[in-house]
Structures are given as structure tokens and as C-alpha cells.
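Asks: Attaching a predicted model along with its sequence, questions to come.
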Amino acid sequence: MKYDYLVVGAGLFGAVCAQKAKESGKKVFVIDKRSNVAGNLYTEKIEGIQVHKYGAHIFHTNDRKVWEYINRFADFNRFTNSPIANYHGEIYSLPFNMYTFNKMWGVSSPAEALEMIEKQKQAAGIHVPQNLEEQAISLVGTDIYKKLIKGYTEKQWGRDCKDLPSFIIKRLPVRLTYDNNYFNALFQGIPIGGYTKMVENMLEGIDFELNTDYLKDREKWNKIADKVIYTGAIDAYFDYKLGYLEYRSVRFETEILDIPNYQGNAAVNYTDRETPWTRIIEHKWFEFGKSPDGAELPKTVISKEFSSEWKPGEEPYYPVNDEKNSKLYMKYKVMSEKEKNVYFGGRLGEYKYYDMDQTIASALDFADRVIT
Ligand code: UDP
């Protein structure tokens, strides 16, 4: 065997594993079926702007170890995510905070906001929330649920809010302060020079091959290394033997506009049911509208995001962690544990709604336990 490890997938989990393996003196080879590294973090420069080709990625973490690790490969700017919601042209501040409550109800004190939420929660008769709808109403009341959550969530997940698990909405903070920083994280920012450069830095000195589909030729690839770290979809690895896990996919319509400012913010969520896209990203605002040398950029690039059910052959994005899929995943997990010398990890390998920092934490933990 020429290599100790074959890493399948050059996304974040794969890149951390490869980097840690190299650092501990192992020989490692990385393959990816795409023509680029960085997986869904991939950024490409268009009109001087780093465009997030597979959707907006804003790095945020409370984990100092993760932050220190990732800062070895990139410097981060001080971007703070403060998205806004557009409901039929009405603009609201996100995440749900005093600005949102003020616009929705005219209230200006936390006590008044709390009273409104409590009143609406009581009227809905919810005690122990059983699904996303009930969880949302108990957190922010029916008005906000109807205008800012229901339409957006049903577009994003393609399912009724009553059929979705409540944990999805718990990702969204609710604040009784005038603080519209979306993430309550200690560390936050966007890597200067783009995510692609960051992942390239992680893979420096490591052999890799792109445009290479492991699953199409696994006999050959298994021969080059003692162990395989597989970060692709777990059900695909087993040829969907037990059935398909469901994923949500996303399609982007990216446009270059001959104006300097389209929406005045990096992210605008369209929370009504009628607008077909879920959100519009204006990429230049991740870097304060300027090129790294401080020059103003005359054009802008926007991406409209359309959510759809994943079909075989498309890119899977979000695992659908409902009961049915979680049960099926557990069966695949049992199968995966019986695979000799193959480790499964990352968002697709573990069928988990991971944020970037959780992906890194999980890969670092894996490296500590396994790659020694
Ligand atoms: N969500 C919502 N309205 C919004 C933004 C988010 O109802 O304007 C809900 C939606 O169900 C979404 C969840 O909150 O799936 C988590 O949102 P987040 O922004 O964390 O999703 P991501 O950035 O991972 O797509």
C-alpha cells in the first residue's frame, strides 16, 4: 500500500482529516468527484467578489480549539451575520429580536414583547411542543410564525411545519434585546481570500485527484491505502441497499448586475410562501463591498436560492433528520460499523445537519481518536 489513508471527499471534514493525518506523519491521498476542492464551501471570484457557489457560509463558533485550528489556514474578517426578512415587501430584523417585535407589534420594551408572545402561545394552547410549528409558536407567537417562519420553512424543507422536527427552529435565536447578530458566537467571520483558498492551504503538500468518483471504481482506490475516510453520502456507499435517505437540495441562480448595490445586505430571506426563492445572497457584503485592497467594486453578484427535494444524481445539501430518515440512517450506521478499515464522517457520511465548526470539531475528534 502506497498510502496510510485515502480520504474520499475534499470538503471540510475530509480536508481536516487529511491535514491532521499528514501532520502526524501519515501518507494520505485525497480524491473528490467534483472539479474543485472545498466541497460546498467552494468560493469563486467573479467581478472581484468571492462568490459562495454552494450557498452562503458564515463561519461562527464558540469553540476556541476549532477557531485556533482554522485560523492556521486563513485570516478571517469581522463580518457579522445580520440577515433581514422580506415578507411581501415588509422588512423585519433577524434573528427574532426587539427590532422584529417592535416592527411586528409596535412594542418597545422586552416586557411588552414577552407578554405578546405569552398571550399568543396561550391562545394556541401549546404545552409541550411536538413539532416545528408548535415549537415556533411557543418561542415567538403566532404572528411571527405566520409571517417569518411558516412560508420560509415550508419552502426550504418542502414539508408542512407540523411534520418537521422542532430542533430545526431551535437553531434560530430569540432575543429580548436590540441585538441582530444572528450567531451568538464568540468567534465569527469570513476567510479573507475565500474558502477555496483556505481549504487549499489545508491540503498543501497533500496528493489529491479531482474529477474522480470513488464509488465508480472503489476496487482500484481501496488498493492504494490501508484505510479509507469516506465523507460522501452513507446510503450511496451502500448502493442505496436499504433505500434512499432524503436530502434537500438547493439550486442557485447567480446574476452579475451592473449596479454597485442591489439589496444593501448579504442575506435577505423571503419568508412568504409565494416568492419562489427562499433567499437572495449579495456576495460582496460578506467583504463589506470592497476588494481586499479596499477598492470599491462597481458591480454586484447576487444568487437566488431555490430549495428542492434531492433526486439521485443531484447534489445533496441538507439531511432531513425526521423520524423516518433517522431510523433508516441508524440502519446504515450499523452496516458502516461492520466495514473494515473504512470510517464515515461529515455531513453526508453521518447524515447530520452540521455547521462548519461542528464539522471541524468532529473531524478533529476523529483524528485524535483514530489517526494517531
Ligand atoms: N427559518 C425561518 N425563517 C427565517 C430563517 C430561518 O423560519 O427567516 C427557519 C427555517 O426552518 C430554517 C431554520 O430556521 O430551516 C434554520 O435556519 P438557518 O438560517 O440556521 O438555516 P441554514 O442557514 O442552515 O440554511
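Replies: It's in.
Asks: Okay, helices next: where are they in the stretch 51-200 of the chain?
Replies: Remark: helices assigned in the stretch 51-200 of the chain by DSSP state H, counting those that start in this stretch are 64-70, 98-105, 110-124, 132-144, 151-157, 167-170, 195-202.
Asks: and what of the stretch 251-372 of the chain?
Replies: Secondary structure of the stretch 251-372 of the chain by DSSP H, counting those that start in this stretch: the helices cover 323-338, 346-349, 356-369.
Asks: For residue 50, the count of nearby residues, please.
Replies: 24 (other C-beta atoms under 10 Å). Placement of C-beta: from N, CA and C, glycine included.
Asks: Residue 368 is nearest to which of the helices of the stretch 51-200 of the chain?
Replies: With respect to residue 368, and counting by C-beta to C-beta, the nearest of these is helix 64-70 at 10.6 Å.
Asks: Return the set of buried residues in that closest one.
Replies: Of the residues in helix 64-70, 66, 67, 69, 70 count as buried by neighbour count, 16 or more other C-beta atoms under 10 Å.
Asks: Residues contacting the lowest-mean-pLDDT helix or strand in the chain, please?
Replies: Least confident helix or strand of the chain, by mean pLDDT, DSSP states H and E, is helix 167-170 with a mean of 84. The contact list for helix 167-170 (C-beta atoms under 8 Å, 6 or more residues apart in numbering) reads 132, 135, 136, 139, 149, 153, 157, 321, 353.
Asks: JSON lines for those, including distance to residue 334?
Replies: Shown next, in JSON lines, are the contacts of helix 167-170 (distance: C-beta to C-beta, whole Å):
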{"residue": "132", "distance to residue 334": "28"}
{"residue": "135", "distance to residue 334": "30"}
{"residue": "136", "distance to residue 334": "34"}
{"residue": "139", "distance to residue 334": "35"}
{"residue": "149", "distance to residue 334": "35"}
{"residue": "153", "distance to residue 334": "31"}
{"residue": "157", "distance to residue 334": "27"}
{"residue": "321", "distance to residue 334": "17"}
{"residue": "353", "distance to residue 334": "21"}
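Asks: Give me the subset of these that also touch the ligand.
Replies: 149, 153 (C-beta under 6 Å from any ligand atom).
Asks: Of the contacts of helix 167-170, which is the most crowded?
Replies: Going by other C-beta under 10 Å, residue 136 tops these with 29 neighbours.
Asks: Can you name the residues of the stretch 51-200 of the chain sitting close to the ligand?
Replies: For the stretch 51-200 of the chain, the residues found near the ligand under the criterion C-beta under 6 Å from any ligand atom are 85, 94, 148, 149, 152, 153, 156, 168, 169, 171, 172.
Asks: contacting residues around the nearest residue to residue 231 once chain neighbours are set aside?
Replies: Closest residue to residue 231 apart from its sequence neighbours, by C-beta to C-beta, 6 or more residues apart in numbering: residue 9 at 3.4 Å. Counting by C-beta under 8 Å, 6+ apart, residue 9 touches 30, 31, 32, 39, 230, 231, 232, 346, 348, 349.
Asks: quick revisit: looking at the helices of the stretch 51-200 of the chain, which has the lowest confidence?
Replies: Lowest mean pLDDT within the helices of the stretch 51-200 of the chain: helix 167-170, a mean of 84.
Asks: State the pLDDT value of the nearest residue to residue 306 once chain neighbours are set aside.
Replies: Once flanking residues are discounted, residue 306 sits nearest to residue 251: 4.5 Å by C-beta to C-beta, 6+ apart. Note for residue 251: predicted pLDDT of 95.
Asks: What residues sit buried inside stretch 347-364?
Replies: 347-351, 354-364.
Asks: any idea how far residue 102 is from the ligand?
Replies: With distances taken as C-beta to the nearest ligand atom, to the nearest Å, residue 102 is found 17 Å from the ligand.
Asks: you'd agree that residue is up against residue 112?
Replies: No. Residue 102 lies out of contact with residue 112 (C-beta atoms under 8 Å); the separation is 9.4 Å.
Asks: you'd agree residue 251 is up against residue 308?
Replies: Yes. Judged on C-beta under 8 Å, residue 251 makes contact with residue 308 at a distance of 6.2 Å.
Asks: picking up where we left off before, do you know which of the helices of the stretch 51-200 of the chain lies nearest residue 209?
Replies: For the helices of the stretch 51-200 of the chain, the distance to residue 209 is smallest for helix 195-202, at 14.7 Å, taking C-beta to C-beta.
Asks: Can you work out which other helices and strands pack against that closest one?
Replies: Counting contacts by 3 or more C-beta pairs under 8 Å, 6 or more residues apart in numbering; DSSP states H and E, helix 195-202 is packed against helix 12-23, strand 43-46.
Asks: need these in JSON lines with distance to residue 282, can you?
Replies: Converted to JSON lines, the helices and strands packed on helix 195-202 look like this (distance: least, C-beta to C-beta, whole Å):
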{"stretch": "helix 12-23", "distance to residue 282": "24"}
{"stretch": "strand 43-46", "distance to residue 282": "12"}
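Asks: Compare those and report which one is nearest to the ligand.
Replies: The ligand lies closest to helix 12-23 among those, at 14.4 Å (C-beta to the nearest ligand atom).
Asks: Other residues contacting the closest one?
Replies: 4-5, 7-8, 10, 28, 30, 32, 37-39, 41, 69, 199, 202-203, 205-206, 208, 229, 231, 345-347, 349, 356, 359-360, 362-364, 366-367, 371.
Asks: quick one: buried residues of it?
Replies: Here helix 12-23 shows 12, 13, 14, 15, 16, 17, 18, 19, 20, 21, 22 as buried, counting by 16+ other C-beta under 10 Å.
Asks: Any figure for the gap between residue 51 and the ligand?
Replies: Counting by C-beta to the nearest ligand atom, the gap from residue 51 to the ligand is 17 Å.
Asks: what is the residue in the stretch 251-372 of the chain that the ligand sits nearest to paired to in the beta sheet?
Replies: Nearest to the ligand in the stretch 251-372 of the chain, going by C-beta to the nearest ligand atom, is residue 269, at a distance of 3.8 Å. With DSSP bridges as the criterion, residue 269 is bridged to residue 85, residue 279.
Asks: Before I go, just wanted to say thanks for your time.
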